[in-house]
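Peer 1: sequence and predicted structure are below.
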Amino acid sequence: MSNASIASAQSMIQQLNIHSEMAQGAIKIGPNPRDFGLQPASFTDLMQNKVSQINTDQNTTSALVRAVDSGESDDLVGAMVASQKASLSFSAMIQIRNRLVQAFDEVMKMPI
């Protein structure tokens, strides 16, 4: 075996040991929100916040495009970037919704 392959194997073993300790709870990755008396946000709250943020992005984009169309603004590039950002975030939200519906369908098809 070459020195490089030995070093690579040792590195892998160290990583496996670290993952093993993390799995056993010996190593904590970050602070737990419950340690500070905080409750993690619920899935519903996270989804509502994200939908609200996407709606705000789309309303802002509409205002920027309207301002460019009416001649109030010369920032065509900013309006187009905002439009693409809103479109991409909306598409991502639709994909998440589709995955959730698909997962729900699979759960409903499971035998009891």
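Peer 2: Sure thing, it's come through.
Peer 1: going forward, measure contacts and count neighbours with C-alpha atoms only.
Peer 2: Will do.
Peer 1: next, the buried residues of the longest helix along the chain.
Peer 2: When the chain is parsed with DSSP state H, its longest helix is helix 76-109. Within helix 76-109, the residues that count as buried by 16 or more other CA atoms under 10 Å are 79, 82-83, 85-87, 89-90, 93.
Peer 1: same question, stretch 54-69
Peer 2: Of the residues in stretch 54-69, those buried by neighbour count under the rule 16+ other CA under 10 Å are 54, 57-58, 60-62, 64-65, 67-68.
Peer 1: still on that earlier bit, any idea how far the longest helix of the chain is from the middle of the chain?
Peer 2: Using CA atoms, centre = their mean, to the nearest Å, we find the averaged C-alpha position of helix 76-109 to lie 11 Å away from the chain's own average C-alpha position.
Peer 1: do stretch 59-66 as well
Peer 2: Distance of stretch 59-66 from its chain centroid, counting by CA atoms, centre = their mean, is 25 Å.
Peer 1: hmm, back to that, just the buried residues of stretch 54-69: which are in helices?
Peer 2: Among the buried residues of stretch 54-69, the members falling in helices (DSSP H) are 54, 57-58, 60-62, 64-65, 67-68.
Peer 1: could I get those residues as CSV with pLDDT and distance to A103?
Peer 2: Listed next are these as CSV, based on pLDDT from 0 to 100; distance: CA to CA, whole Å:
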residue, pLDDT, distance to A103
I54, 93, 23
D57, 92, 28
Q58, 94, 28
T60, 93, 33
T61, 94, 32
S62, 94, 33
L64, 93, 37
V65, 93, 37
A67, 94, 42
V68, 92, 42
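Peer 1: closest one of these to I112?
Peer 2: For these, the closest approach to I112 (CA to CA) belongs to I54, at 37.7 Å.
Peer 1: right, and the closest one touches S91 too?
Peer 2: No. Counting by CA atoms under 8 Å, I54 stays clear of S91, with 10.2 Å between them.
Peer 1: low pLDDT regions in this protein?
Peer 2: Scanning the chain for pLDDT under 70 picks out the ranges 1-2, 4-5, 9, 19-40.
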